[in-house]
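>>> Here's my sequence, what's the structure:
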Amino acid sequence: MSKTMRNSAVVLILLMILSLSACSLFEKKEPIDGDDFSEFMEDEDFIVEDVTNQFADGMGVSEVLVAVNDDFQIEFYIVETEEQARRAYSENKEFFEDSFSGSGSSNSEINLGNHSKYTLTSSGHYCVVSRIDNTFIYANVDSDYKEDVQKLIKELGY
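So this is what the prediction gives:
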């Protein structure tokens, strides 16, 4: 086999691998519901409280659950529309950037298909907002708990 053929074969294989990987990135994620969130977080030794009644009627908030342990909390929201979740995602991202961005900070953002995720680590804080369809998860914790929060959110599928 000539060197050109061999190089072409390698490039073709790499392109196939890349396109298969890209397809999985755009795969639609499935949101969880409040029962799934509560059950998972309670299994992780969190106390889960329904705080939906703290939001006024007409705000488009269907359910809000807060999971708390001795160290930090993670909030889970279900709103009426995907547009509301997108708006909440953007507002929380902006809040994180305005409050904690600066020298020594690092952030990442993913916007693919039906989900978005933004993280920021700065000034001793780890912040994350992650949305799937009309649901989102929010955490603003001491950076000491960054890995714990990352693990929990990943296991929840967010």
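
>>> going forward, measure contacts and count neighbours with C-alpha atoms only.
Fine.

>>> Give the helix, strand or coil label for the spatially most central residue of the chain.
The residue lying closest to the centre of the chain (CA atoms, centre = their mean) is Ser130, at 2.4 Å. Here Ser130 is strand, with the state taken from DSSP: H, G, I helix; E, B strand; the rest coil.

>>> got a list of what it touches?
89, 115-118, 136-138, 158 (CA atoms under 8 Å, 6 or more residues apart in numbering).

>>> now do 7 Å
Ser130 makes contact with 116-118, 136-138, 158 under the criterion CA atoms under 7 Å, 6 or more residues apart in numbering.

>>> Which of the residues you listed sits closest to Ala85?
Phe136 (6.7 Å; CA to CA).

>>> From Gly104, how far out is that closest one?
27 Å (CA to CA, to the nearest Å).

>>> Compare the two and say which one has the larger neighbour count.
Phe136 (26 against 8; other CA atoms under 10 Å).

>>> List the strands paired with the strand or helix carrying that one, with their directions.
Here Phe136 sits within strand 135-142, counting by DSSP states H and E. Here strand 135-142 is paired, per DSSP bridges, with strand 73-79 (antiparallel), strand 125-132 (antiparallel).

>>> Can I get the contacts of Ser130 in a markdown table including distance to Gln73 and pLDDT?
What follows is the contacts of Ser130, written out as a markdown table (distance: CA to CA, whole Å; pLDDT from 0 to 100):
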| residue | distance to Gln73 | pLDDT |
| --- | --- | --- |
| Ser116 | 20 | 98 |
| Lys117 | 18 | 98 |
| Tyr118 | 17 | 98 |
| Phe136 | 14 | 98 |
| Ile137 | 11 | 98 |
| Tyr138 | 9 | 98 |
| Tyr158 | 16 | 97 |
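
>>> Right, I'll leave it there.
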